[in-house]
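A.B. asks: Just a sequence and a predicted model for now, questions to come.
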Amino acid sequence: MSALSAPVAPGMVFQGREALEDWVDGIAALTRPDAVVWCDGSEAEAELLATRMVSDGSLIRLNPALRPNSYLARSDEGDVARLEDRTFICSRTAEDAGPTNNWRDPDAMRFELTERFAGAMRGRTMYVLPFSMGPVGGAISRVGVQLTDSPYAVLSMRLMTRMGEVALAEIDGFTQWVPAVHSVGMPLVDGDGNRVPDVAWPSNPVKIIAHFPETREIWSYGSGYGGNALLAKKCFALRIASVMARDEGWLAEHMLLIKLTSPAGRAYHVAAAFPSACGKTNFAMMRPKRPGWRVETLGDDIAWLRQGPDGRLRAINPEAGFFGVAPGTGVSTNPAAMATVAGDTIFTNVALTPDGDVWWEGMSKTPPEGLIDWRGEPWSPASGTPAAHPNARFTVAAERCPVLADDWDSPDGVPIDAIVFGGRRAHNVPLVTEAADWADGVFLGATIASEQTAAAEGPVGELRFDPFAMLPFLGYDMADHWAHWLRIGERLGAKAPRVFRVNWFRKGDDGHWLWPGFGDNIRVLDWIVARLEHEVDAVASPIGLLPYRHDLDLAGLELPDADVRELLTVDAAGWRHECDEIARLFARFGDRVPRVLARRLHQLRWRLGSYA
Ligand code: OXD
Ligand code: MN
């Protein structure tokens, strides 16, 4: 094998058009596809590809009268989700990856990838997908190029990013681009050179999703699903971008982005980090239940934030589409998402109705009769299994969202007024608290946690921390990320956005939800805005500033007094236990924990000691 055809050596800079052409040639020489196609991102190209996939059985065209220009894909049963234990950060040293990442020696990984990718695309077409993360040419935007042998990935990347000619035009002699190589790992030619038939969802039992932070490279092998295959999303926009952001002084975060307009007509921009499966898409498309408020969507999963020329923190959604979890999405929980996916959508692993539409648990109370489940088998409620896979997804362009904010693709991003952190906490964490200052805000982000289900039903159990909701998505040491946030705060100074922590998931001792959630969460945003406008005071508590009850708009909720009290109280004993857990979390990172945060924990313990 020539040097050109091996994964590139550390230190290589991926810059300019000529290097791009050489790289594409090199990967083609390694993977040996039948053809190489540079995608232009046009509708005609997507239509041709989809038509071909329908005729070879890898996509099902949905009934155009019910779900125009939409398709259903069914994945292999062994390829249904992101794979954290097969996701690797191959930084030069294990310390740089930190104790929460799977580290692999970069040379050993390069050796393995070279073997796996050799001939991996035989009999297939290799597609070249130039893409822009963020508005093309925008101040915070970056470009990447994905090579893939999966036409499903091509169609999805076209919805999820600004893909094709517009992005390629951005790559001139000097532009740095992020290289991302993807193969489903199932060549259509066997070891003896004979053609083998394709399957509807090609994949390989061996799966590797590898990141090389120093060279900003992504290599993904063996999976066609979501974050494993749409490399612009978690691989680039979070794992690689977080390293670029660390080196260049900005932030790449697992955050939704909304524009919030108050009854007074004032607009605010809020970025919010929640762990996976905590309702970010619902929050991003919230239909406020209080009159006069408006929530508009800029992004539902990832935000890139950078200090602007005016000194304020500005943010973009680097993506151009949504890859949302379908089950649980319905007209009562998220009407805007339902309207978004009314057409031009690729559904994966949902159920099929007899009239050629889709269905999933939570779309309606009663499932339609005659469903075909996500595996392609006839299904009825008596089947005892879900009709749609719990991680079934919709992939759709942001432009289809009826509540998309007008400034969602502003090239300079939007100024951030407030940062919100949240987790799924049955106990301990109040409905909302405000951080006293930026460092306290970093402490809140660093200590985001969820309780395990079993624990959620009983007394406070072991916490699963997900600092900054970035546990599976950070490309370097988590404690270094906290230090980076502190540095960003120093630079922002008085112009830093205020930081809040919310918890929609608190339960009473008998297990009932204390807070209605969904559109009523606007009541919490209302209080946050009142704080930004200096309209209300707050109560100091050991864990942050709490609302006065009379400042929360609870009209019409008819919450029992005891529930409201519980939503806003600090249980000192529970928090002392939580401090022990936080200390255990910090201990995992040793000396790398910023001293400021260790001191904040110490102070928190001290304050709790004298708190009744
Ligand atoms: C996602 C996730 O798919 O966070 O967005 O897992
Ligand atoms: Mn996510």
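C.D. replies: Ah, there it is. Numbers count the residues shown, from 1 in each chain. Ligands and ions are numbered 1, 2, ... in the order given.

A.B. asks: Determine the number of other residues adjacent to residue 125.
C.D. replies: Other residues within reach of residue 125 by the criterion other CB atoms under 10 Å amount to 16. C-beta: built from backbone N, CA, C; applies to glycine.

A.B. asks: so who does the residue in the stretch 251-400 of the chain positioned nearest to ligand 2 touch?
C.D. replies: Proximity of the stretch 251-400 of the chain to ligand 2 (CB to the ion) peaks at residue 301, 4.4 Å away. Contacts for residue 301 (CB atoms under 8 Å, 6 or more residues apart in numbering) come out as 233, 254, 255, 256, 280, 281, 319, 322, 323.

A.B. asks: can you map out the helices along the stretch 401-550 of the chain?
C.D. replies: All helices of the stretch 401-550 of the chain, identified by DSSP state H, counting those that start in this stretch, fall at 438-446, 453-457, 478-492, 522-532.

A.B. asks: By neighbours, which of the contacts of residue 301 wins?
C.D. replies: Among the contacts of residue 301, residue 255 has the most neighbours (other CB under 10 Å), with 29 neighbours.

A.B. asks: Quick check: closest non-adjacent residue to it.
C.D. replies: Nearest residue to residue 255, sequence neighbours excluded (CB to CB, 6 or more residues apart in numbering): residue 303, at 4.0 Å.

A.B. asks: Confidence-wise, which of the helices of the stretch 401-550 of the chain is weakest overall?
C.D. replies: Note on the helices of the stretch 401-550 of the chain: lowest mean pLDDT is at helix 453-457, with a mean of 41.

A.B. asks: what residues does this protein put near ligand 2?
C.D. replies: For the chain, the residues in contact with ligand 2 (CB under 5 Å from the ion) are 276, 301.

A.B. asks: Right, and ligand 1 sits closest to which residue of this protein?
C.D. replies: Residue nearest to ligand 1 within the chain (CB to the nearest ligand atom): residue 276, separated by 3.3 Å.

A.B. asks: Remind me which helix or strand that residue belongs to.
C.D. replies: Taking DSSP states H and E as the definition, residue 276 sits outside all helices and strands.

A.B. asks: To which secondary structure element is the residue of the chain positioned farthest from its centre assigned?
C.D. replies: No residue in the chain sits farther from the centre than residue 192, which is 41.8 Å out by CA atoms, centre = their mean. Using DSSP H and E, residue 192 sits in no helix or strand.

A.B. asks: follow-up on the earlier one: I'd like the helices of the stretch 401-550 of the chain as JSON lines, with distance to ligand 1 appended.
C.D. replies: Formatted as JSON lines, these follow (distance: least, CB to the nearest ligand atom, whole Å):
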{"stretch": "helix 438-446", "distance to ligand 1": "16"}
{"stretch": "helix 453-457", "distance to ligand 1": "18"}
{"stretch": "helix 478-492", "distance to ligand 1": "16"}
{"stretch": "helix 522-532", "distance to ligand 1": "22"}
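
A.B. asks: which one of these is the most hemmed in?
C.D. replies: Among the helices of the stretch 401-550 of the chain, the stretch with the highest mean neighbour count (mean count of other CB atoms under 10 Å) is helix 438-446, at a mean of 24.

A.B. asks: what does that helix contact?
C.D. replies: Here helix 438-446 has contacts from 273, 419, 421, 433, 435, 467-468, 482, 485-486, 489, 492, 496, 498-499, 501, 544, 596-597, 600-601, 604, using CB under 8 Å, 6+ apart.

A.B. asks: With just CA atoms, put that helix into CSV.
C.D. replies: Provided in CSV are the C-alpha atoms of helix 438-446 (Å, rounded to 0.1, in the frame of the first residue of the first chain):
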residue,chain,number,x,y,z
TRP,A,438,-19.8,32.8,36.0
ALA,A,439,-17.6,30.5,38.1
ASP,A,440,-20.8,29.3,39.9
GLY,A,441,-22.3,28.8,36.5
VAL,A,442,-19.4,26.6,35.4
PHE,A,443,-19.8,24.7,38.7
LEU,A,444,-23.5,24.1,37.7
GLY,A,445,-22.5,22.9,34.2
ALA,A,446,-19.7,20.7,35.6
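
A.B. asks: distance of the nearest residue to residue 412 once chain neighbours are set aside from residue 308?
C.D. replies: Leaving aside its sequence neighbours, residue 412 sits nearest to residue 139 (CB to CB, 6+ apart; 5.0 Å). Distance check for residue 139 against residue 308: by CB to CB, to the nearest Å, it reads 8 Å.

A.B. asks: who touches both of those two?
C.D. replies: Taking CB under 8 Å, 6+ apart as the criterion, residue 139 and residue 308 both touch 314, 412, 413.

A.B. asks: out of the residues you listed, which one sits closest to residue 64?
C.D. replies: Nearest to residue 64 out of those is residue 413 (CB to CB; 37.2 Å).

A.B. asks: Correct me if wrong: that closest one contacts residue 308.
C.D. replies: Yes - with contact defined as CB atoms under 8 Å, residue 413 reaches residue 308; the gap is 7.1 Å.

A.B. asks: Mind listing the shared neighbours of these two?
C.D. replies: 139, 314.

A.B. asks: neighbour count winner among the two?
C.D. replies: residue 413 (28 against 18).

A.B. asks: Spell out the secondary structure type for the residue lying closest to that one once chain neighbours are set aside.
C.D. replies: Leaving aside its sequence neighbours, residue 413 sits nearest to residue 314 (CB to CB, 6+ apart; 3.7 Å). Counting by DSSP: H, G, I helix; E, B strand; the rest coil, the backbone at residue 314 sits in strand.
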